[in-house]
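Engineer: model this:
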Amino acid sequence: MVELAIYYKTGPLSARAISMVESIPLQYLEQIFNLLKRAGLVKTVRGAKGGYLLSREPSKIRVSHVMDVLDAGPYLADCLIPKKRRPCSRIDICSVTKFWQRLNKSIKTVVESTTLKDLAVKRPKGANIGHSYMFQI
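Structural biologist: This is a model prediction of the structure:
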C-alpha cells in the first residue's frame with residue numbers, strides 16, 4: 001500500500017514489480033490485494049500497462065483501514081483481541097493486563113491517525129519500480 005501511495009499519480013503498479021521491490025511472494029501479495037480490492041481500498045487496471053491503484057488519495061486511507069481489512073489489529077497480547085473465541089482465563093487476575101491495554105490504546109491512536117500519505121512522505125523512494133514490464137512468450 002505504501003508503494004501504491006508513493007506512485008499514486010503515476011499510474012498502476014504491477015503486483016510482480018511490488019513483489020520484487022518489497023520481497024513479498026507474488027502469490028501472497030495477490031491474495032492481499034484481493035482482500036484490499038474487496039474492501040474498496042485498491043482497484044485494478046487490466047491490460048499490458050495494468051496493475052493496482054489506490055481507490056482514493058493516500059491522505060484518505062488510514063493505516064487502521066488497511067490493518068482492519070487484513071485482520072492485523074494492533075493487539076500485543078491475545079487477551080486484547082475483541083473477537084477472540086476463548087478469552088484468557090487469567091484476565092481478571094493478570095497483573096499486566098492494564099499495561100497491555102494502555103500500550104495497545106497508544107498504538108491504536110497512532111495507527112488511526114496515520115495515513116498512507118504520511119508513510120509515503122516519510123519513506124524514501126527505494127528502487128524505482130515505475131513501469132518496467134517484462135514480457136515473456
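Engineer: Could you pull up the contacting residues of residue 47?
Structural biologist: By Cβ atoms under 8 Å, 6 or more residues apart in numbering, no residues touch residue 47. (Each C-beta comes from the backbone N, C-alpha and C, glycine too.)
Engineer: how far away is it from residue 71?
Structural biologist: As defined by Cβ to Cβ, to the nearest Å, residue 47 lies at a distance of 32 Å from residue 71.
Engineer: Longest helix in the chain, please.
Structural biologist: Using DSSP state H to assign secondary structure, the helix with the most residues in the chain is helix 97-113.
Engineer: Need the residues that contact that one.
Structural biologist: Helix 97-113 is contacted from outside by 62, 63, 64, 67, 74, 75, 76, 77, 79, 80, 91, using Cβ under 8 Å, 6+ apart.
Engineer: Please work out how many residues are found near the fifth one.
Structural biologist: Spelled out, it's residue 74. Residue 74 has 18 neighbours, counted by other Cβ atoms under 10 Å.
Engineer: This protein: strands as residue ranges?
Structural biologist: 42-45, 51-54 (DSSP state E).
Engineer: Need the pLDDT of residue 85.
Structural biologist: Residue 85 carries a pLDDT value of 59.
Engineer: With residue 124 instead?
Structural biologist: pLDDT for residue 124: 54.
Engineer: before we move on, the earlier item: would you turn the strands of the chain into JSON lines with mean neighbour count, mean pLDDT and distance to residue 14?
Structural biologist: Listed next are those as JSON lines, based on neighbours: other Cβ atoms under 10 Å; pLDDT from 0 to 100; distance: least, Cβ to Cβ, whole Å:
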{"stretch": "strand 42-45", "mean neighbour count": "16", "mean pLDDT": "94", "distance to residue 14": "10"}
{"stretch": "strand 51-54", "mean neighbour count": "21", "mean pLDDT": "95", "distance to residue 14": "4"}
